[in-house]
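Asker: Predicted model, plus sequence, below.
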Amino acid sequence: GAVVSQHPSWVICKSGTSVKIECRSLDFQATTMFWYRQFPKQSLMLMATSNEGSKATYEQGVEKDKFLINHASLTLSTLTVTSAHPEDSSFYICSARGTGGAGQPQHFGDGTRLSIL
Amino acid sequence: QKEVEQNSGPLSVPEGAIASLNCTYSDRGSQSFFWYRQYSGKSPELIMSIYSNGDKEDGRFTAQLNKASQYVSLLIRDSQPSDSATYLCAVNRGSNYKLTFGKGTLLTVNP
């Protein structure tokens, strides 16, 4: 159980393109989803927290107009990187947690490797 | 002081040995603790969760928590080469359900 699907797994596109990444919880309802990015040999950096039906909460330093997050249902959240530039190239990973208290773990998708040329 | 600290390693152990991974955290209000394994180029995978002081065992893995010392550890018995990965300690500090991750310890199990 607790499977999170993330698509696409790899994106290569030109500078200025907008890229949408989908994150789906396949066998549970995800009241909260999280978006992370990870640079090589560094730890996960939380970008934003999204709750179903409400606006995402962004971490300090993350541009909300650059990284658009939509959490329209209990099983789907999307991250759109708008007007992507080479410095946005990174490994983007979503996670999801179900209902319950603080003890509920986050389950991660397989990640999306984004390369902007 | 960093919120969640781990020895970055690399930690190298021979196959069949016990690997011991350690993590300290700064916020005494932390409630839940998780160990994730991350293979190179892959996303994290949940290994263990622990909430109460003491030991919790799951197969070859044992998580240990000492809230008074603000210390959590992961023991891997009978280490296998397939256990070679980066192990991330994560701490949940409260009702917003966000996790704070350590930088991870790279474990190498030598055949």
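Answerer: Perfect, I can see it now.

Asker: residues in contact with the most centrally placed residue in chain A?
Answerer: Relative to the mean C-alpha position of chain A, the nearest C-alpha, by C-alpha atoms, centre = their mean, is the one of A:W35, at 3.3 Å. Neighbour list for A:W35: A:23, A:46-48, A:50, A:67, A:69, A:77, A:79, A:92-94 [criterion: C-beta atoms under 8 Å, 6 or more residues apart in numbering or on different chains]. To be clear about C-beta, it is placed using only N, CA and C from the backbone, and glycine gets the same treatment.

Asker: Please, which helix or strand holds the nearest residue to it once chain neighbours are set aside?
Answerer: Nearest-residue entry for A:W35: A:M47, 4.6 Å, with adjacent residues in sequence omitted and distances by C-beta to C-beta, 6 or more residues apart in numbering or on different chains. Following DSSP states H and E, the helix or strand that holds A:M47 is strand A:45-51.

Asker: Toward the C-terminus, what is the element adjacent to that strand?
Answerer: Once the chain leaves strand A:45-51, the next helix or strand it forms, by DSSP H and E, is strand A:57-58.

Asker: That next one - what's its average pLDDT?
Answerer: Per-residue pLDDT values over strand A:57-58 give a mean of 94.

Asker: That one - contacts with which helices or strands?
Answerer: Applying 3 or more C-beta pairs under 8 Å, 6 or more residues apart in numbering or on different chains; DSSP states H and E, one finds that strand A:57-58 makes contact with strand A:45-51.

Asker: What distance do you get for the residue nearest to the centre of chain A to A:L46?
Answerer: Plainly put, A:W35 is 8 Å away from A:L46 if you go by C-beta to C-beta, to the nearest Å.

Asker: quick one: contacts of the lowest-mean-pLDDT helix or strand in chain B?
Answerer: Within chain B, judged by mean pLDDT, DSSP states H and E, the helix or strand with the poorest mean is strand B:99-101; its value is a mean of 91. Under the criterion C-beta under 8 Å, 6+ apart, residues A:34, A:43-44, A:46, A:106, B:3-4, B:25, B:34, B:36, B:88-93 lie in contact with strand B:99-101.

Asker: burial of the nearest residue to A:I69 once chain neighbours are set aside, as a residue count?
Answerer: By the measure of C-beta to C-beta, 6+ apart, the closest residue to A:I69 outside its immediate chain neighbours is A:A56, 3.9 Å from it. By the criterion of other C-beta atoms under 10 Å in any protein chain shown, A:A56 has 21 neighbours.

Asker: Same question for B:F101.
Answerer: Other residues lying near B:F101 total 23 when counted by other C-beta under 10 Å.

Asker: Bridging across strands, which residues link to it?
Answerer: B:A90 (DSSP bridges).

Asker: Give me the below-cutoff pLDDT ranges for chain B.
Answerer: The model of chain B has pLDDT under 70 over residues B:1-2, B:94-95.

Asker: Surely the residue nearest to A:I69 and A:S50 touch.
Answerer: Yes - taking C-beta atoms under 8 Å as the contact criterion, A:A56 and A:S50 are neighbours in contact, 4.1 Å apart.

Asker: Show me the common contact partners of those two, please.
Answerer: With contacts defined as C-beta under 8 Å, 6+ apart, the residues shared by A:A56 and A:S50 are A:69, A:71.

Asker: who's in contact with A:P8?
Answerer: By C-beta under 8 Å, 6+ apart, the contact set of A:P8 is A:21, A:112.

Asker: gap between it and A:V19?
Answerer: Between A:P8 and A:V19 the computed distance is 9 Å (C-beta to C-beta).

Asker: now swap in A:L79 and tell me
Answerer: 9 Å.
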